[in-house]
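Enquirer: Sequence and predicted structure below; questions after.
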There are 2 protein chains.
Amino acid sequence: MAQRTTGTMPRRVALRGAGAMAAGAVLGAGRAAAETGDAPPPWMTEQGGLVAPYGSPSAHERDVIRRVTTARKLPSIVSIKTPLQDLTGIITPNGLHHARCHAGVPAIDPERHRLLVHGLVERPVSFGMDDLVRFPSVSRLHFLECSGNTSLYKDSEIKPGLTVQDTHGQVSCAEWTGVRLADVLAEAGVKKQAQWVLAEGADAAAMTRSVPIAKALDDAILAYAQNGERLRPENGYPLRLLLPGYEGNANVKWLRRLKLGATPFQTREETARYTGLLADGTALQFNFVMEVKSVITFPSPGRGPKQPGFWEISGLAWSGNGRIARVEVSTDGGASWRDAALQEPVLAKCLTRFRLPWTWDGGPALLQSRATDATGEVQPTRTRLIAARGANFYYHYNGITTWRVASGGAVTLAA
Amino acid sequence: MAQRTTGTMPRRVALRGAGAMAAGAVLGAGRAAAETGDAPPPWMTEQGGLVAPYGSPSAHERDVIRRVTTARKLPSIVSIKTPLQDLTGIITPNGLHHARCHAGVPAIDPERHRLLVHGLVERPVSFGMDDLVRFPSVSRLHFLECSGNTSLYKDSEIKPGLTVQDTHGQVSCAEWTGVRLADVLAEAGVKKQAQWVLAEGADAAAMTRSVPIAKALDDAILAYAQNGERLRPENGYPLRLLLPGYEGNANVKWLRRLKLGATPFQTREETARYTGLLADGTALQFNFVMEVKSVITFPSPGRGPKQPGFWEISGLAWSGNGRIARVEVSTDGGASWRDAALQEPVLAKCLTRFRLPWTWDGGPALLQSRATDATGEVQPTRTRLIAARGANFYYHYNGITTWRVASGGAVTLAA
């Protein structure tokens, strides 16, 4: 592609400098106007604004924000949902990553933060952040989903005002960097009897979960960075557990302690909460993996097609069991299906963006997506999911979502 | 993994609520202290802070910022460099993406912004942003590098105070989403004679570059989003050209016009600037592709090893010609080399993170990385690069960088 030119080039390079460029600014707008025949827009007629050392979105994007919901009894019990209807691709920008905090966001000084590894180990060890970042590091793109995301088991939850941010906004995706948990545990020396690891957070809730040793030694990460920079405070700064594919709360944030034991620790978060109540009165416990799931983000409530004609149906699919193998889309409520295109790279335990061209005839439509993962698991219909689990189940909802498109283009959640 | 438990579970689920969790917060800190034998840190003894709808980094990360350099004659001529020494993985968070602005950042109203396609087309067309986002979309992870990044051709540029942010901070990487330029051009109908596309920005500099039609019809994107959200203002909001692998300035920001022509348009930015002045007085013009390159980000100036022992050498490699095939690292100034591990996914025209374990003996060391891309091109030494291009060349510097580690662990740029 490179071409050589000769002649006056060197002289011109020497003559033109910053001053010439400033004059060029006005000439540029004038030239542009002459070419297009209309007046240049106002932002071409004056020098532009400055740039902050740490940037922010355009003021025109001020409505692209997370929905922050706090508990009436205690405002630090908070749920923060990602605006999936406004996002593209698979990466969630850090400012819009979802979060769930049981006692607000602790203001941790990273210089004073420590991680203790004890219990069934050869030698208890305590690490500072400086120690942890010296370990060999690993970076991986993974989704993180709250176990309570999209809980639509009850018919009373099918409210027409809900957006995809309301129903699915507790899933996000980032490039996480940290240390393999297996490497850190090896420093302490895991005893043979150790089958479970208690992970404890340094928030006022002392959030604790038991993690099977097999997961800890497989792909678990002690993460200190997300999308290149250090973790955001609400996502666990300065250190969190990352258990790819596991329900969000098990990925303990503000991680301060790992205790190895022979049996699960039966913490409050795995007895009173985060269990799955079945119709026969028994409860599923340690049901960690977020199963295959998908949702259409466009069209979706508040983001309907504005006129008949071509629109691209787009959405996200994910599975805690591995890669997404297939996403099918229906525009007639499941009567017929077409395969959507999957955007590369398709990565294990990561969001996958899918897309399908659609010509909307202007009439009513029922939009659905159905994901299949590499293990062959297929996303169930809502009816099938409720039949299997009962309407008192709360967590791990992964049923097919139906968006009803009305003749005017308005979109609402349907059962 | 899921286990069933029976008995009191349903009752306990019913009894525990928000109030019980608030009480649990204090209990949690007490229990944690009893387990570890020390007093809980202060952030475990009180409820944590609230969360903003659009999040920010921890106050403890306030030094992780871009370096903003403005021209003395006009502050809107600005260069903004990414703090590579503080980042992990391959994604650059949007707040830290590098930028180069010739007339500051225009405050564009996306509702009023339009893209005109004209010149050698069947029918000139003008698009609003609403029109463009209706096209089929595509998302891709690509690096973006300023053509002037790392210009170290002159020995006088080898200053010991420089950090990797100073020398290499004009490269960043994001997941870009937009429309295939080929699809938009097809709407206008490209005439046979059209060989070049003029791209013009809507800033006061009316930044213009000529792009070969082959590139425009290959992998060029009209991007409107980066890392999931809409483009940041300094990165081209609401629309920019993305030419994967091409020098940054050709990826015209704030894109308002595409004119198709039979020959290059010989704009100011491709005659007076962004040409490569060779030793024989001729200049390389339309030298678009950013060649294979790499740099070690740890250790690097200001981020030296603090004591002898294990450290992980880590850095970034990229090539405008495709995927990175190999990165070798030397700790003895190029006398011997070892292969670094490449973090998956390794994607074409994208940053690739490489890592190599290193045991520092506490003595002087000369750290270098050498990348090879899938086309077989090998990153040259600085000496070889200068011999080929002459010391008056300015752009497209991709020579091997040498970090000198002194006995105390201080790191400086070496020739």
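Expert: On my side now, so go ahead.
Enquirer: Show me the strands in the stretch 101-250 of chain A, by range?
Expert: In the stretch 101-250 of chain A, strands defined by DSSP state E, counting those that start in this stretch lie at A:114-119, A:125-128, A:137-145, A:171-180, A:196-201, A:208-212, A:221-226, A:229-230, A:240-242, listed in chain order.
Enquirer: So for residue A:351, which of the ones you listed sits nearest?
Expert: Nearest of these to residue A:351, taken as CB to CB: strand A:171-180 at 4.0 Å. (Each C-beta comes from the backbone N, C-alpha and C, glycine too.)
Enquirer: elements contacting the closest one?
Expert: Applying 3 or more CB pairs under 8 Å, 6 or more residues apart in numbering or on different chains; DSSP states H and E, we find strand A:171-180 packed against strand A:137-145, strand A:221-226, strand A:309-318.
Enquirer: That strand vs strand B:137-145, what angle?
Expert: Relative orientation of strand A:171-180 with respect to strand B:137-145: 40 degrees, computed using axes from the mean of the first three to the mean of the last three CA atoms, to 10 degrees.
Enquirer: Can you tell me the strand partners of strand A:171-180 and which way each runs?
Expert: Strand A:171-180 sits in its sheet next to strand A:137-145 (antiparallel), strand A:221-226 (antiparallel), going by DSSP bridges.
Enquirer: For the shortest one, output the C-alpha coordinates as PDB.
Expert: Extracted C-alpha coordinates of strand A:221-226, given in PDB (Å, rounded to 0.1, in the frame of the first residue of the first chain):
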ATOM      1  CA  ILE A 221      -9.100 -17.000  40.000                       C
ATOM      2  CA  LEU A 222      -8.300 -14.500  42.700                       C
ATOM      3  CA  ALA A 223      -9.100 -11.400  40.500                       C
ATOM      4  CA  TYR A 224      -7.700  -8.000  41.100                       C
ATOM      5  CA  ALA A 225      -8.500  -6.400  37.800                       C
ATOM      6  CA  GLN A 226     -11.500  -6.100  35.400                       C
END
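Enquirer: so how many other residues sit close to the spatially closest residue to residue A:49 that is not a sequence neighbour?
Expert: With CB to CB, 6 or more residues apart in numbering or on different chains as the measure, residue B:105 is the residue that lies nearest to residue A:49, at 4.7 Å, once sequence neighbours are left out. Using other CB atoms under 10 Å in any protein chain shown, residue B:105 is surrounded by 27 other residues.
Enquirer: which ones are touching residue B:105?
Expert: Contacts for residue B:105 (CB atoms under 8 Å, 6 or more residues apart in numbering or on different chains) come out as A:48-51, B:203, B:233-234.
Enquirer: Please name the nearest non-neighbouring residue to residue A:395.
Expert: Counting by CB to CB, 6+ apart, the residue nearest residue A:395 is residue A:147, at 4.2 Å.
Enquirer: Also residue A:173?
Expert: residue A:351 (4.0 Å).
Enquirer: go on, residue A:239?
Expert: Spatial nearest neighbour of residue A:239, excluding adjacent residues (CB to CB, 6+ apart): residue A:255 at 4.8 Å.
Enquirer: Tell me which residues touch the residue in the stretch 51-200 of chain A that chain B sits nearest to, please.
Expert: Here the residue of the stretch 51-200 of chain A nearest chain B is residue A:104; by CB to the nearest CB that distance is 2.9 Å. Shown here is residue A:104, whose contacts under the criterion CB under 8 Å, 6+ apart are A:75-76, A:78, A:203-204, B:47-50.
Enquirer: Could you report the distance from it to residue B:44?
Expert: With distances taken as CB to CB, to the nearest Å, residue A:104 is found 12 Å from residue B:44.
Enquirer: Need the residues touching each of those two.
Expert: Common neighbours of residue A:104 and residue B:44 are listed as A:203-204 (criterion: CB under 8 Å, 6+ apart).
Enquirer: For residue A:259, pull up the helix or strand it's in.
Expert: Assigned by DSSP states H and E, residue A:259 falls within strand A:255-261.
Enquirer: can you give me the mean pLDDT across that strand?
Expert: Throughout strand A:255-261, pLDDT has a mean value of 98.
Enquirer: Any residue of the following helix or strand past it touching chain B?
Expert: The helix or strand immediately downstream of strand A:255-261 is helix A:268-271, counting by DSSP H and E. Yes. Residues of helix A:268-271 are located near chain B by CB under 8 Å from any CB of the partner chain, namely A:268, A:271.
Enquirer: Distance from the chain centre to helix A:268-271, please.
Expert: Offset of helix A:268-271 from its chain centre (CA atoms, centre = their mean, to the nearest Å): 24 Å.
Enquirer: for it, packing partners?
Expert: With contacts taken as 3+ CB pairs under 8 Å, 6+ apart, helix A:268-271 sits against strand A:208-212.
Enquirer: list the contacts for the nearest residue to residue A:110 once chain neighbours are set aside?
Expert: Using CB to CB, 6+ apart and skipping residues adjacent in sequence, the residue nearest residue A:110 is residue A:238, 4.1 Å away. Contacts here follow CB under 8 Å, 6+ apart; on that basis residue A:238 touches A:108, A:110, A:113, A:129, A:224, A:230-231, A:254, B:58, B:60.
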